[in-house]
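Asker: Build me a model from this:
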Amino acid sequence: MPFVENLRNYRSLSIVGLEKNTGKTVCLNYLLGRLHQLGISTAVTSIGVDGEQVDSVYATAKPEITLYEGMQFVTSHRHYLQRRLVSSILSVDERRTALGQLVTARVLCPGRILLSGAATTGVLRQQIAQFRRSDVQLTIVDGALSRLSLASPTVTDAMILATGAAVSPNLQQLISRTRFVYRLINLPEVSESLRQRLSAVDSGLWIVDSDGLPHDLGIQSVFLLGPDSKSLFTLGNTLFVSGAVSNRLLKFLATQPNVKDIILIVRDFTKLFITPDAYADFTRRGGTVQVLQRSRLVAVSLNPTSPQGYTLNSAEACSQLSEALQCPVYDVVRCSQSGQD
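Answerer: Numbers count the residues shown, from 1 in each chain. Here you go, the predicted model:
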């Protein structure tokens, strides 16, 4: 897959899936093999548990994570003891998780590992920063379940989106759901000057006036909006929400008489917990959504097989999804088996 060479431009990468069993681990193993061949020093960690041999929900076989000589990794003490590779411990985090302290180690002889990493994105940021201070060129964060928060540009520099038959066995529904998330990932960014002004805001709702100056509305959460909130836009039509945004806010904004002029700004796409219908209604009425910082999507991967046994035609699914997104879509298994790069 040609995007692998481009990973030299980033220091951290997240692999996130729209659902469980969308092929994140297969994609990770492919990347690890290629990065090893290219001589790119790599570290790997995870949020949650990943690399188990049997799926805990469907009891189906799953691929294990294979690491190569020189790679670094973070996992819990319990799973470090279960490793099937030779490694040397670099550090042990004093903070404890449900599975014990987090162990950072370097692979001496290749083998397989079960990753169980940090439970929060804050700890992940610290780990990535620590690897940056060492000789690691790229840190990969493998996401458990559908933790899109890993793809925030405040956590990793770039992301890979994994989708597939586990999202829906119906190809058109799969395309629709993936295209919606893809659209959110690529929301337009605000100007650099406005980003600098809003980046320091850590709570509440703010209005940006015509001069680009933010004003605190004194409302700590969108859940505190009421019938008397229609005076929000006396200072301007641009609303910045520092936290999460749900359908409730979009529906509220869609009913405002100035909806055609409203610009809603969020930190990044991972703060949007909205449905396609609510987003479509707001934008159809003229509303606009922007982000302080866009996540860098480097690839979309597809797993044509679902754990329930449904299998899509890989070539057809990749082709139609690629056409819908206007970007390449890769079936990692098919690419690696055919020798495509």
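Asker: Strands of the stretch 51-200 of the chain, residue ranges please.
Answerer: Ranges of strands in the stretch 51-200 of the chain, per DSSP state E, counting those that start in this stretch, are 65-67, 72-76, 84-97, 100-113, 115-116, 138-143, 158-164.
Asker: for those strands, which one sits closest to residue 292?
Answerer: Counting by CB to CB, residue 292 lies closest to strand 158-164 out of the strands of the stretch 51-200 of the chain; the figure is 16.4 Å. Any C-beta I mention is one placed from the backbone N, CA and C, and that applies to glycine too.
Asker: Render the CA-only coordinates of the closest one in CSV, please.
Answerer: The C-alpha trace of strand 158-164 is given here as CSV (Å, rounded to 0.1, in the frame of the first residue of the first chain):
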residue,chain,number,x,y,z
ALA,A,158,-2.4,10.8,11.6
MET,A,159,-5.0,8.1,11.5
ILE,A,160,-6.1,5.1,9.5
LEU,A,161,-9.9,4.4,9.4
ALA,A,162,-10.9,0.7,9.3
THR,A,163,-14.3,-0.3,8.1
GLY,A,164,-15.9,-3.4,6.7
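Asker: And for it, what's in contact with it?
Answerer: 7, 10, 12-19, 21-24, 27, 150-151, 174, 177-178, 181-182, 185, 295-306, 312, 321 (CB atoms under 8 Å, 6 or more residues apart in numbering).
Asker: mind redoing it with 6 Å?
Answerer: 10, 13-15, 17-18, 22-24, 27, 151, 178, 295-303 (CB atoms under 6 Å, 6 or more residues apart in numbering).
Asker: Given that strand, what are its sheet partners and their directions?
Answerer: strand 12-17 (parallel), strand 296-303 (parallel) (DSSP bridges).
Asker: Save those strands as a markdown table, and put in distance to residue 39 and mean pLDDT too.
Answerer: Output for the strands paired with strand 158-164, formatted as a markdown table (distance: least, CB to CB, whole Å; pLDDT from 0 to 100):
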| stretch | distance to residue 39 | mean pLDDT |
| --- | --- | --- |
| strand 12-17 | 17 | 92 |
| strand 296-303 | 19 | 94 |
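Asker: winner for burial among the ones you listed?
Answerer: Ranked by mean neighbour count, those are led by strand 12-17 with a mean of 26 (mean count of other CB atoms under 10 Å).
Asker: Tell me which helix or strand comes right after it.
Answerer: Of the helices and strands lying after strand 12-17 in sequence (DSSP states H and E), the nearest is helix 24-38.
Asker: angle of the helix or strand just after that next one against strand 72-76?
Answerer: Tracing the chain past helix 24-38, the next element assigned as helix or strand by DSSP H and E is strand 42-47. Relative orientation of strand 42-47 versus strand 72-76 (axes from the mean of the first three to the mean of the last three CA atoms, to 10 degrees): 20 degrees.
Asker: Who are the packing partners of strand 42-47?
Answerer: Here strand 42-47 touches strand 72-76, strand 138-143, going by 3 or more CB pairs under 6 Å, 6 or more residues apart in numbering; DSSP states H and E.
Asker: Can I get those in CSV including distance to residue 216?
Answerer: Formatted as CSV, the helices and strands packed on strand 42-47 follow (distance: least, CB to CB, whole Å):
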stretch, distance to residue 216
strand 72-76, 39
strand 138-143, 33
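Asker: among these, where is the model least confident on average?
Answerer: Lowest mean pLDDT within the helices and strands packed on strand 42-47: strand 138-143, at a mean of 89.
Asker: Mind listing residues that contact that strand?
Answerer: 7, 12-16, 28, 40, 42-47, 50, 128, 131, 150, 156.
Asker: tally of neighbours for residue 120?
Answerer: Neighbour count of residue 120, defined by other CB atoms under 10 Å: 10.
Asker: Just give the nearest non-adjacent residue to it, would you?
Answerer: Sequence neighbours aside, residue 47 is the residue nearest to residue 120 in space, at 7.9 Å (criterion: CB to CB, 6 or more residues apart in numbering).
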